[in-house]
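> predicted model and sequence follow; I will ask about them next.
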Amino acid sequence: MPPRPRFDRRAPVRELPNINDRINYPKLRVVDADGTQLGIINREEALEVAKERELDLVLVSEKADPPVCRIMDYGKFKFEQEKKAKEAKKKSHQTEVKEVKMRYKIDQHDYAVRIGHAVRFLKAGDKVKCTVIFRGREIQHTALAETLLRRMATDLEEQAEIQQAPKREGRNMIMFLTPRKTPLIKKDKDDSQPTKAVRSISTPPPPAIKKISNKPKNT
């Protein structure tokens, strides 16, 4: 007996659709391309109707009695089904948690890199776990780590909302950000400054000065 091959290199068997001549049921309930019920007819008559319309006879319900077929453009139907499947796959994006790690003494360049990573994760619809790692005696500087995480939340406020505020866990301090659902509305600087009071009562005019004449009075 020859040894069994380790790998089966044969091409997988493709499941062919039940259309046209691949439909073997003698009686079929046929629906026309415009939705009109053609009733129960035999297989040959249904194939002839589909051929006259230059369309395909497609089996849509095999378990029905008798099986139901529809006359349609199968190529167009398949394209629309694949398009719907792709759109459904995009919508069913599973949210993941991406982590951005750093030290509280991180320099500006590395900080900008971490911000770029976080923006990319948020735009993809994922949550971001911002982690500040402490080593040795650095655990004494938790206030600096919290300040760094608050700064990151501010720099990412257009893309993210704080899901969990900075919190110490073991030798780390973490903060969770989630993609912003509503756009951030920023107030203008002019609006944030208090307006000066405007004096609405008019200032009365100064009293008229009476002019004294030097001419002598008539007696």
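Done, it's in.
> state the pLDDT value of Asn214.
The model reports Asn214 with a pLDDT of 55.
> again with Leu122
Reported pLDDT for Leu122: 91.
> which SSE is it in?
Assigned by DSSP states H and E, Leu122 belongs to helix 108-123.
> then the next helix or strand after that helix to CSV, C-alphas only?
On the C-terminal side of helix 108-123, the nearest following helix or strand under DSSP H and E is strand 127-133. This file holds the C-alpha atoms of strand 127-133, laid out as CSV (Å, rounded to 0.1, in the frame of the first residue of the first chain):
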residue,chain,number,x,y,z
LYS,A,127,-9.5,51.9,22.2
VAL,A,128,-6.1,53.0,23.4
LYS,A,129,-4.5,52.0,26.6
CYS,A,130,-1.9,54.6,27.6
THR,A,131,0.7,53.2,30.0
VAL,A,132,3.4,54.9,31.9
ILE,A,133,6.0,52.4,33.2
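> that older thread, the helix holding Leu122 - contacts with which helices or strands?
strand 97-102, strand 127-133, helix 142-155, strand 172-179 (3 or more CB pairs under 8 Å, 6 or more residues apart in numbering; DSSP states H and E). In short, each C-beta sits where N, CA and C put it, glycine included.
> redo those as JSON lines? Include mean neighbour count and mean pLDDT.
Below are the helices and strands packed on helix 108-123 laid out as JSON lines (neighbours: other CB atoms under 10 Å; pLDDT from 0 to 100):
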{"stretch": "strand 97-102", "mean neighbour count": "15", "mean pLDDT": "93"}
{"stretch": "strand 127-133", "mean neighbour count": "21", "mean pLDDT": "94"}
{"stretch": "helix 142-155", "mean neighbour count": "16", "mean pLDDT": "93"}
{"stretch": "strand 172-179", "mean neighbour count": "20", "mean pLDDT": "94"}
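> quick one: which of the ones you listed is nearest Ala50?
Ala50 lies closest to strand 172-179 among the helices and strands packed on helix 108-123, at 49.0 Å (CB to CB).
> paired strands for that closest one, with orientation please.
strand 127-133 (antiparallel), strand 160-169 (antiparallel) (DSSP bridges).
> now render the ones you listed as CSV, adding distance to Ala143.
Shown next, in CSV, are the strands paired with strand 172-179 (distance: least, CB to CB, whole Å):
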stretch, distance to Ala143
strand 127-133, 11
strand 160-169, 10
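> re earlier: buried ones in the helix holding Leu122?
Within helix 108-123, the residues scored as buried using 16 or more other CB atoms under 10 Å are 114-115, 118-119, 121-122.
> from the middle of its chain, how far away would it be?
Distance, stretch centre to chain centre, for helix 108-123: 19 Å (CA atoms, centre = their mean, to the nearest Å).
> which of the helices and strands packed on helix 108-123 sits closest to Arg29?
strand 172-179 (48.9 Å).
> and the helices and strands packed on helix 108-123 as JSON lines, adding distance to Pro66?
Converted to JSON lines, the helices and strands packed on helix 108-123 look like this (distance: least, CB to CB, whole Å):
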{"stretch": "strand 97-102", "distance to Pro66": "53"}
{"stretch": "strand 127-133", "distance to Pro66": "53"}
{"stretch": "helix 142-155", "distance to Pro66": "64"}
{"stretch": "strand 172-179", "distance to Pro66": "52"}
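> what's the closest of the ones you listed to Leu59?
Of all these, strand 172-179 comes closest under CB to CB, at 43.8 Å.
> list the contacts of that closest one.
97, 118, 122-123, 125-134, 142, 145-146, 149, 152-153, 156, 159-167 (CB atoms under 8 Å, 6 or more residues apart in numbering).
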